[in-house]
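Asker: give the three-dimensional model of this entry:
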Amino acid sequence: MIQFKNLCTTPLEEIVRVFNLAFSDYFVPIKTSEEALQRKFLVEKVRLDVSVGAFENDQLVGFVLHFGTIVNGEKILYNGGTGVIPSHRGQNLTCRMITHCLPLIKTEGFSKIKLEVFAINSFALKAYQKMGFKEIRLLNCFKGKLLEGQKRNESVRVAKMETIDWTVLKLFWDLEPTWQNAEHTLVSLGEKIDFYGALLKEELVGYVVFNPMERRIHQLAVAPKYRKQGVASGLLQDIAEKEKELVSFINIDTRIEIEGVLEEFGLENFAQQLEMELLLTD
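Answerer: Predicted structure coming up:
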């Protein structure tokens, strides 16, 4: 018999074991470690009290990991991982787990749940739709080794940014970043990430945020009037000179015109995800 309860007392090593088993045959195989998951828990502010596990004979067979924060005064919950081990699929466990924790989530005052799901995962997509999740936007995911020696604007100087003013950086945005690339996540990462600015006659005209530990680009933005002038290329070239291994840049809104420059630098669009949202207000 399946029982549902929160994950407050479940050892991290058990969550990691089941996580890796659940995603071992996924569309895009995913594997984590205790260190990596612990880091994610701290940075993205895990809420194990409103996360939920499915247990059979006290053994974890499925999970929903929830993370929470406050954005502009609104309490938002993020589903940062849902998985069921292969032997227990077909029992509607994803819907049952989320349904189990919804009353407590509402009591805690969260206004919405956000998540991303691979666009080709029709089974999971239908399950979330059945629960009332709505599609918000389509996202691209890139990875690869950054190529050096690409054409760039030699008038643009790239330098590490020592002072971060989000009010200024947001002027470069067309759309809000997704959860893992959002301001609140990057603030939590603190000194683990690097900001590099593109300067034209000492004016900041673009920037990139790079996480050397995860080898991940979190944000890349150029001021509207300086786009298509080699600014983004200069920023990517700077990262290419520093990082020789595979890098990733995931969950980029498809409406942002960035695919061309990323492909020029050798990154491949390996997957698309759908950002979805469940409103909890009655």
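Asker: hang on, residue 237 in a helix?
Answerer: Yes - the assignment for residue 237 is a helix, going by DSSP: H, G, I helix; E, B strand; the rest coil.
Asker: I'd like to know which elements the strand or helix carrying residue 276 is packed against.
Answerer: Secondary structure assigned from DSSP states H and E places residue 276 in strand 268-279. The elements that strand 268-279 packs onto, with contact taken as 3 or more Cβ pairs under 8 Å, 6 or more residues apart in numbering; DSSP states H and E, are strand 112-118, helix 122-131, strand 134-144, strand 247-253, helix 259-264. For glycine as for every other residue, the C-beta is placed from the backbone atoms N, C-alpha and C.
Asker: quick one: closest of those to residue 225.
Answerer: helix 259-264 (17.1 Å; Cβ to Cβ).
Asker: list the buried residues for stretch 126-146?
Answerer: 127-128, 133, 137, 139-144, 146 (16 or more other Cβ atoms under 10 Å).
Asker: helices along the stretch 1-150 of the chain, start to end?
Answerer: Ranges of helices in the stretch 1-150 of the chain, per DSSP state H, counting those that start in this stretch, are 12-22, 34-44, 93-107, 122-131.
Asker: can I get these in TSV with distance to residue 266 and mean pLDDT?
Answerer: Below are these laid out as TSV (distance: least, Cβ to Cβ, whole Å; pLDDT from 0 to 100):
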stretch	distance to residue 266	mean pLDDT
helix 12-22	29	97
helix 34-44	25	96
helix 93-107	36	96
helix 122-131	30	94
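Asker: reformat these as a markdown table; add distance to residue 168.
Answerer: Shown next, in a markdown table, are the helices of the stretch 1-150 of the chain (distance: least, Cβ to Cβ, whole Å):
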| stretch | distance to residue 168 |
| --- | --- |
| helix 12-22 | 38 |
| helix 34-44 | 23 |
| helix 93-107 | 35 |
| helix 122-131 | 36 |
